[in-house]
Structure formats: structure tokens, C-alpha cells
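1. The sequence and its predicted three-dimensional model are supplied below.
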Amino acid sequence: NAGVTQTPKFQVLKTGQSMTLQCAQDMNHNSMYWYRQDPGMGLRLIYYSASEGTTDKGEVPNGYNVSRLNKREFSLRLESAAPSQTSVYFCASSESGGIKAQYFGPGTRLTVL
Amino acid sequence: QKEVEQNSGPLSVPEGAIASLNCTYSDRGSQSFFWYRQYSGKSPELIMSIYSNGDKEDGRFTAQLNKASQYVSLLIRDSQPSDSATYLCAVNRGGGGNKLTFGTGTQLKVEL
């Protein structure tokens, strides 16, 4: 099993450009999450999807949109990138039904110039 | 007050010693607690979870939870240079969605 995979691994954008970060998991998990990690700020939840067909805002949703394409895939879209969105983005997944540990993908390092 | 607080470190311990990492949380209703290890440039990796007061042991790792005092700790026995990493404390505050709130992490350095 590959676990949680993310593409791309690195990306450089110019201010105002758009892009979509892809995430897929093969663990048959119902729940998926998008985080960003910045120095001194820790991991912060952007959006999550408790189950296929549902999405909810996390702590820092502004400037982002998500799509839960199917049970396996959860994408994060930046419509108009800003330098403040320079960060490392992690996707995670977990089982549903109570409190479950989350398992992380390898991350995408995004730089917005 | 931050929801989950950790000393950023670095915490330096000699090889073979016990490393003690601490985490405090503000929400008394928090239900479950997780420790993740993150090597530089890599993603967080789950080490342990703990839900009940007391100790939980897994190999060289022991998690300790004290809900009355609102702290959770991670002990690493016989520390090895390969344990050098940042350790993240994560708290599930309940309320649905299985959402975690992370501390900023403690950097551990195990010295030869």
C-alpha cells in the first residue's frame, strides 16, 4: 500500500496564478484533511472531508477551495495564489467513527513569488 | 493562551538517556492525544495515541496523560541519534470531524 500520496512534491507559482494540489489514499479511509505547516505556527487545518460528498472549513480556509472527488481523492485548489500561501501542504486521512489517528502524505512544498 | 503548547527546544540529551517531551492543552474537554515524529523535510509520522489517564507503553516510548492537570508527555528511553527529530503533540477536542489541533513541536537532539 502506498498510503497517502500527494502531487506535486514542489511547485513555484507567481502571484495570481492558480493550481490544484492532488491527494489520494489507498487505505479505504472515509475522512481526509488538508493542512499547511509554517515555521513557528505548526500544522493548521485548512479543510477536511469527514466522508465522501462532504467538506468543511478548518482553521484557515480563506483563499482555498477543496473537492472530494471520490472516496480516495481530495484536492486543494488555490484560485489566485498569494505570497502568504507559501507553505508546506500536507494531506492526511483517517478512519471515521469516533476518534482515529490521522496518517499523512509526504507533502507539497509551495512557493508563491 | 495557545490551545496546545510545547516547548520548541531544542532539547538535547546524550545517547542512551531518557528524553522527556511535554505538552499542555487548554481545552478541558479534549478527548484524545497523539504524538507524531517529524524528521526535517518529511511528513509527520504517528508514534502513539493515548486516551485515558495514566501511562501507555510501546517499545522505547511511553505516553503519559494527566487530564486533571491538562498535560500529556512522551518519554523516549535509551535515546538514539535516529530519534533526533521534531515531536508534535496533537489533541482531538471532540465535537465531531475527528479534527486535530497541533502544537508547534519540540525539537529533540540526541548527541553521541
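-> Received it, and whenever you're ready, just let me know what you need.
2. residue boundaries of the strands in the chain?
-> Since no chain was named, I'll use chain A. Under the criterion DSSP state E, chain A contains strands at A:4-7, A:10-13, A:19-25, A:31-38, A:42-49, A:56-57, A:64-68, A:74-78, A:87-94, A:103-104, A:108-112.
3. not what I meant, chain B
-> Here chain B has its strands, by DSSP E, at B:4-5, B:11-14, B:19-25, B:32-38, B:45-50, B:54-58, B:61-66, B:71-76, B:85-92, B:100-102, B:106-111.
4. does any part of the fifth one sit near chain A?
-> Which is strand B:45-50. Yes - interface with chain A: strand B:45-50 contributes B:45-46, B:49 (CB under 8 Å from any CB of the partner chain). To be clear about C-beta, it is placed using only N, CA and C from the backbone, and glycine gets the same treatment.
5. Quick one: buried ones out of those residues?
-> B:S49 (16 or more other CB atoms under 10 Å in any protein chain shown).
6. Tell me who's in contact with A:R109.
-> A:9-11, A:88 (CB atoms under 8 Å, 6 or more residues apart in numbering or on different chains).
7. no no, B:S84
-> B:108-110.
8. Repeat the analysis, applying 10 Å as the threshold.
-> B:10, B:12-13, B:19, B:37, B:39-40, B:107-111 (CB atoms under 10 Å, 6 or more residues apart in numbering or on different chains).
9. could those go into a markdown table alongside neighbour count, pLDDT and distance to A:I99?
-> Shown next, in a markdown table, are those (neighbours: other CB atoms under 10 Å in any protein chain shown; pLDDT from 0 to 100; distance: CB to CB, whole Å):
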| residue | neighbour count | pLDDT | distance to A:I99 |
| --- | --- | --- | --- |
| B:P10 | 12 | 95 | 31 |
| B:S12 | 13 | 97 | 33 |
| B:V13 | 18 | 97 | 31 |
| B:A19 | 23 | 97 | 26 |
| B:R37 | 21 | 98 | 20 |
| B:Y39 | 12 | 97 | 26 |
| B:S40 | 8 | 95 | 29 |
| B:Q107 | 18 | 97 | 27 |
| B:L108 | 22 | 98 | 26 |
| B:K109 | 15 | 98 | 32 |
| B:V110 | 20 | 97 | 31 |
| B:E111 | 11 | 96 | 36 |
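10. Make JSON lines from those and add distance to A:T54 to it.
-> Shown next, in JSON lines, are these (distance: CB to CB, whole Å):
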{"residue": "B:P10", "distance to A:T54": "41"}
{"residue": "B:S12", "distance to A:T54": "45"}
{"residue": "B:V13", "distance to A:T54": "44"}
{"residue": "B:A19", "distance to A:T54": "40"}
{"residue": "B:R37", "distance to A:T54": "30"}
{"residue": "B:Y39", "distance to A:T54": "33"}
{"residue": "B:S40", "distance to A:T54": "35"}
{"residue": "B:Q107", "distance to A:T54": "36"}
{"residue": "B:L108", "distance to A:T54": "38"}
{"residue": "B:K109", "distance to A:T54": "42"}
{"residue": "B:V110", "distance to A:T54": "43"}
{"residue": "B:E111", "distance to A:T54": "47"}
